[in-house]
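Asker: Everything below, folded, please.
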Amino acid sequence: MNLKLYLLSRITAAALLCLLATVAYVLHRSAEQSAAQAQNTLAALGKQLEFQLLRVSAGEKPASPFPDFDLWKQTGSEPGICASYLANDGKTMRNYCKGIDLSTHYYPPHFAELYRHLFGPNVDRQRLITYNGQIYGVLTVSVSAEMAIARAWEDVRHLLALSTITISAVCLLVYLAISRALRPAQTIVEGLHRLSLGDLAFRLPSFELLEWRDTATAINQLADNQQQLLAERQKLAVMLMNLQEEERRYLARELHDELGQCLTAIQAVAAGIAQTARQNCPELIIEAEQISRFTEAMQCAVRGLLTRLRPAELEELGLDASLRSLVASWNRLGKTYYSLHIAGDCRALPDSLAISLFRIAQEAISNIAKHAAASQAAITLTVAGTEVLLVIQDNGSKTNLPLATGHGIGLLGMRERVLALNGRFDLSIAKPHGLIIQACLPLKQPDE
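Answerer: Numbers count the residues shown, from 1 in each chain. Below you'll find the model as predicted:
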């Protein structure tokens, strides 16, 4: 759920709970007011009746017989209140009710049912009328339920109207305040999305609220640390690649100069032994020829190692010739046909890029031969503008992306090599099946 709506719903719920508690309090107060009105009327009317008894005992003849409600009717009678007097003998009884105009007092039926259920149908109060210690009768005062319900509904209606306006205004103000306060959250989410995509140069601005400002500062500090670690990692990766290429160059030179010369010498000695054996000892001709064949096989193996370690074409003729030689050597095996398309001038590439592109193509072709089960593969190298793009696509059995992890260099080595040179490495699935490897490298590299 949206945070603004979540907070607003919680505030609204709390306001409604407060409103419900206030309505209950108002209803309770209204019921207490009706009871207090009945009690006050009972006290006033009772005193009037006792005063009438006093006048009768004094010998006065009142204009109306006891009990007389006329004075109360003129001074304290209110709509909805009933008074009744019952003498001790059960004969003398006086009732008076002042009705109410229900047409001017509307209330919903369900509200009336609720009020009757909570507080009863009527409010009745009774009092004994006494004089000189003698009880003359019982006075009963009651407030009609309709009057109490009408009064309670008026109070609740005014409260609901005021509360509706107040809650609406508060919710609107709270929503605007929360929207303004949470506005930086969207900026922070967008910034984190950019950082997750690799844009470590992005920085969040300084916000007005302290909490958002501290959050932005922490995220910017984390981005600084990640950018520094990535730079150090790229620098270390470049150093390791350069060291690896130097080791390969050294091993290739040693194999060519030392082992190659030794094998050539052995080949020459074996030829001399065979020539001498033909004249003096024919039995040694077979052994001499075996030595020659073994030496030739070792020379072929050394040439293959030299090609993998440091192709001679890469230094002498450049990347174009090295890739063509690599593709031709794999095509001679006959399992998969590799096609090569080169657009642009490969001579404009720096040595680090040329070596890395050759290694990526070399590893990709090796992986295709080992794992892809493909009949065709296309290698496309495009040198244009400020970047060089290498695309290798096969029609193998892959239908989902492999993970660039595992043992050996593989895809992980390609990715690390490309990222170390500030490039982009992408994997995708060809239609209907097969794998597409894309390596895009900038022509201009930072100083090593």
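
Asker: number of nearby residues for V56?
Answerer: Neighbour count for V56, taken as other C-beta atoms under 10 Å: 14. No exception for glycine: its C-beta is placed from N, CA and C like everyone else's.

Asker: Am I right that it falls within a helix?
Answerer: Yes: membership of V56 in a helix is supported by DSSP: H, G, I helix; E, B strand; the rest coil.

Asker: is it true that it touches P62?
Answerer: Yes: counting by C-beta atoms under 8 Å, P62 is a contact partner of V56 at 6.9 Å.

Asker: For the stretch 201-350 of the chain, which segments count as helices?
Answerer: 210-254, 260-280, 285-309, 312-316, 319-331 (DSSP state H, counting those that start in this stretch).

Asker: Highest average neighbour count across those helices: which stretch is it?
Answerer: helix 319-331 (a mean of 18; mean count of other C-beta atoms under 10 Å).

Asker: Please state the offset of that helix from the chain centre?
Answerer: Centroid separation between helix 319-331 and its chain, computed with C-alpha atoms, centre = their mean, to the nearest Å, is 49 Å.

Asker: Kindly report the same for stretch 277-291.
Answerer: Worked out by C-alpha atoms, centre = their mean, stretch 277-291 lies 81 Å from the chain centre.

Asker: Low-confidence ranges, the stretch 101-250 of the chain, go.
Answerer: Within the stretch 101-250 of the chain, the ranges that satisfy pLDDT under 70 run 101-105, 121.

Asker: which residues of it fall in strands?
Answerer: Applying DSSP state E, counting those that start in this stretch to the stretch 101-250 of the chain gives strands spanning 123-131, 134-143.

Asker: surely R116 meets A145?
Answerer: Yes: using C-beta under 8 Å, R116 is in contact with A145, at 6.3 Å.

Asker: Show me which of those two is the more surrounded one.
Answerer: Counting neighbours by other C-beta under 10 Å for R116 and for A145 shows that A145 has the greater number, 18 against 14.

Asker: what about that one, distance to G344?
Answerer: As judged by C-beta to C-beta, to the nearest Å, A145 and G344 stand 98 Å apart.

Asker: Kindly report the same for E258.
Answerer: 39 Å.

Asker: Between these two, which has more neighbouring residues?
Answerer: G344 (15 against 10).

Asker: per-residue confidence for the more buried one?
Answerer: Model confidence at G344, given as pLDDT, is 87.

Asker: show me the contacts for it.
Answerer: By C-beta atoms under 8 Å, 6 or more residues apart in numbering, the contact set of G344 is L381, T382, V383, A384, V388.

Asker: and the first one, how many neighbours?
Answerer: L381 is flanked by 22 other residues according to other C-beta under 10 Å.

Asker: Let's verify it: helix, strand, or coil?
Answerer: Assignment for L381 (three-state DSSP): strand.

Asker: What of P62?
Answerer: coil.

Asker: State the distance from it to F358.
Answerer: 131 Å.

Asker: more neighbours, these two?
Answerer: F358 (19 against 11).

Asker: Excluding sequence neighbours, find me the nearest residue to that one.
Answerer: Leaving aside its sequence neighbours, F358 sits nearest to S322 (C-beta to C-beta, 6 or more residues apart in numbering; 5.4 Å).

Asker: measure the one you found to I355 for me?
Answerer: 10 Å.

Asker: distance between stretch 238-250 and the chain's centre?
Answerer: For stretch 238-250, the distance to the chain centre is 44 Å (C-alpha atoms, centre = their mean).

Asker: Likewise for stretch 133-147?
Answerer: 70 Å.

Asker: So which elements touch whichever strand or helix holds L19?
Answerer: Element membership of L19 [criterion: DSSP states H and E] is helix 3-57. If you count contacts as 3 or more C-beta pairs under 8 Å, 6 or more residues apart in numbering; DSSP states H and E, helix 3-57 packs onto helix 70-75, strand 81-87, helix 109-119, strand 123-131, strand 134-143, helix 145-196.

Asker: most packed of the ones you listed?
Answerer: For those, the largest average neighbour count (mean count of other C-beta under 10 Å) is found in strand 81-87, namely a mean of 20.

Asker: List the contacts of it.
Answerer: Contacts to strand 81-87, defined as C-beta under 8 Å, 6+ apart, come from residues 37-38, 41, 45, 49, 67, 69, 72, 92-98, 129, 136-144, 147.

Asker: cool, and stretch 336-343?
Answerer: 320, 323-324, 327, 330-331, 365, 368-369, 372, 374-384, 394.

Asker: Return the set of buried residues in it.
Answerer: T336, Y338, L340 (16 or more other C-beta atoms under 10 Å).

Asker: where's the last one relative to E245, distance?
Answerer: If I follow you right, that is L340. Counting by C-beta to C-beta - L340 and E245 are separated by 22 Å.

Asker: ok, now the first one?
Answerer: Going from T336 to E245 by C-beta to C-beta gives 27 Å.

Asker: Same question for the second one.
Answerer: According to C-beta to C-beta, Y338 and E245 sit 24 Å apart.

Asker: Between the strands of the stretch 101-250 of the chain, which one is closest to E289.
Answerer: strand 123-131 (131.9 Å; C-beta to C-beta).

Asker: tell me which strands and helices the closest one is in contact with?
Answerer: helix 3-57, strand 134-143.

Asker: Can you tell me the strand partners of the last one and which way each runs?
Answerer: Spelled out, that is strand 134-143. Strand 134-143 sits in its sheet next to strand 81-87 (antiparallel), strand 123-131 (antiparallel), going by DSSP bridges.

Asker: residues in contact with it?
Answerer: Contacts for strand 134-143 (C-beta under 8 Å, 6+ apart): 34-35, 37-39, 41-42, 45-46, 49, 53, 67, 80-88, 92, 122-130.

Asker: For it, output the C-alpha coordinates as PDB.
Answerer: What follows is strand 134-143 as a C-alpha-only set of coordinates in PDB (Å, rounded to 0.1, in the frame of the first residue of the first chain):
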ATOM      1  CA  GLN A 134     -47.700  12.800  57.200                       C
ATOM      2  CA  ILE A 135     -47.500  11.300  53.700                       C
ATOM      3  CA  TYR A 136     -50.300  12.600  51.400                       C
ATOM      4  CA  GLY A 137     -49.400  11.000  48.100                       C
ATOM      5  CA  VAL A 138     -46.800  10.200  45.500                       C
ATOM      6  CA  LEU A 139     -45.700  12.600  42.800                       C
ATOM      7  CA  THR A 140     -44.200  11.100  39.600                       C
ATOM      8  CA  VAL A 141     -42.400  13.100  36.900                       C
ATOM      9  CA  SER A 142     -41.300  11.500  33.600                       C
ATOM     10  CA  VAL A 143     -39.600  12.700  30.400                       C
END
